[in-house]
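Q: The following comprises the amino acid sequence and a computationally predicted model.
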Amino acid sequence: MKIGILLTGHAPDTLVDATGDYDAFFVRLLGPQNFEFETYSVVDGQFPSGADAADGWLITGSRHGVYEDHPWIPPLEALIRQIRDQGQPLIGVCFGHQIIAQALGGKVEKFQGGWAIGPTEYDMGSERVTVNAWHQDQVVALPEGAEVLASNDFCRNAMVAYGDTIWTIQAHPEYDNDFIGGLIRTRGRGVVPDTVLDDATARLDSPLDSPAIGKRMADFYKKARA
């Protein structure tokens with residue numbers, strides 16, 4: 001099964017040599033499930049020929065806001081709707097979570113409650129999971145027909161499904177604690193309040209449920225294409 005990764009941002013220059021770019025994170029997370037991957041750097045204007053260019057799709061995180069005026073955002077939204085209309089599986093992570101909501105009629109804004117950084121617990125109803133977060137923007141109004149699968153007191157719409165073919169998550173299952181520490185050093189200071197960053201740093205030894213979320217993502221792709 002071929003997964004098309006729609007790259008909407010790049011890892012910090014000071015970290016990318018050690019970690020790879022954001023698409024590499026998902027190859028590591030999902031690679032054990034024997035998927036094939038192709039990356040399209042939509043943030044740089046590189047788009048696939050259409051929704052049929054892959055069997056399933058994944059939209060990455062980004063330092064950009066979905067409500068910002070970038071020339072690549074309207075065609076990305078159009079591609080999202082095409083993928084939906086063709087019934088292909090689509091996963092969105094952080095920015096991907098937000099741009100899918102916006103493209104389908106929801107609303108995203110800079111959250112007045114501030115930032116979520118580092119290992120964060122989410123209530124999935126029958127279980128609680130801990131995944132790394134790095135965001136201030138949030139989906140504050142969902143499109144019609146969206147179903148909330150996970151939330152916490154800070155982020156009400158933390159994991160969302162749109163029928164059986166679209167699944168999105170606000171947090172970053174692809175980020176390990178070392179990378180969050182790197183983001184704190186390279187992108188956090190001077191942007192995120194020091195108190196939030198210091199609290200996140202103190203939690204960087206927390207165990208994560210990222211492998212379980214990665215398995216959930218892989219199973220979603222396989223079931224949607226069955």
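A: That came in fine, so what should we check first? Numbers count the residues shown, from 1 in each chain.
Q: Could I get the full set of helices for this protein?
A: Along the chain, counting by DSSP state H, helices occupy 13-19, 22-30, 73-85, 95-103, 177-183, 194-202, 210-224.
Q: which one of the ones you listed is the most hemmed in?
A: helix 95-103 (a mean of 26; mean count of other C-beta atoms under 10 Å). Where C-beta positions appear, they are placed from N, C-alpha and C, glycine not excepted.
Q: Now that one: average pLDDT?
A: The predicted model gives helix 95-103 an average pLDDT of 98.
Q: so what does it touch, helix or strand wise?
A: Contact partners of helix 95-103 among helices and strands, from 3 or more C-beta pairs under 8 Å, 6 or more residues apart in numbering; DSSP states H and E: strand 56-59, helix 73-85, strand 90-93, strand 107-110, strand 137-141, strand 159-162, strand 166-169.
Q: Could you check the angle that helix makes with strand 137-141?
A: 30 degrees (axes from the mean of the first three to the mean of the last three C-alpha atoms, to 10 degrees).
Q: Would you mind measuring from Glu127 to Arg216?
A: Note on Glu127: its distance to Arg216, by C-beta to C-beta, to the nearest Å, is 11 Å.
Q: that older thread, the helices of the chain: which one's closest to Gly114?
A: Of all the helices of the chain, the one in closest proximity to Gly114, counting by C-beta to C-beta, is helix 194-202 (6.8 Å).
Q: As PDB, could you dump the C-alpha coordinates of that closest one?
A: Extracted as PDB, the C-alpha positions of helix 194-202 are listed here (Å, rounded to 0.1, in the frame of the first residue of the first chain):
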ATOM      1  CA  ASP A 194       9.400  29.700  29.700                       C
ATOM      2  CA  THR A 195       7.100  28.300  32.400                       C
ATOM      3  CA  VAL A 196       5.400  26.100  29.800                       C
ATOM      4  CA  LEU A 197       8.800  24.900  28.400                       C
ATOM      5  CA  ASP A 198      10.300  24.300  31.800                       C
ATOM      6  CA  ASP A 199       7.200  22.200  32.800                       C
ATOM      7  CA  ALA A 200       7.500  20.200  29.500                       C
ATOM      8  CA  THR A 201      11.200  19.700  30.000                       C
ATOM      9  CA  ALA A 202      10.500  18.200  33.500                       C
END
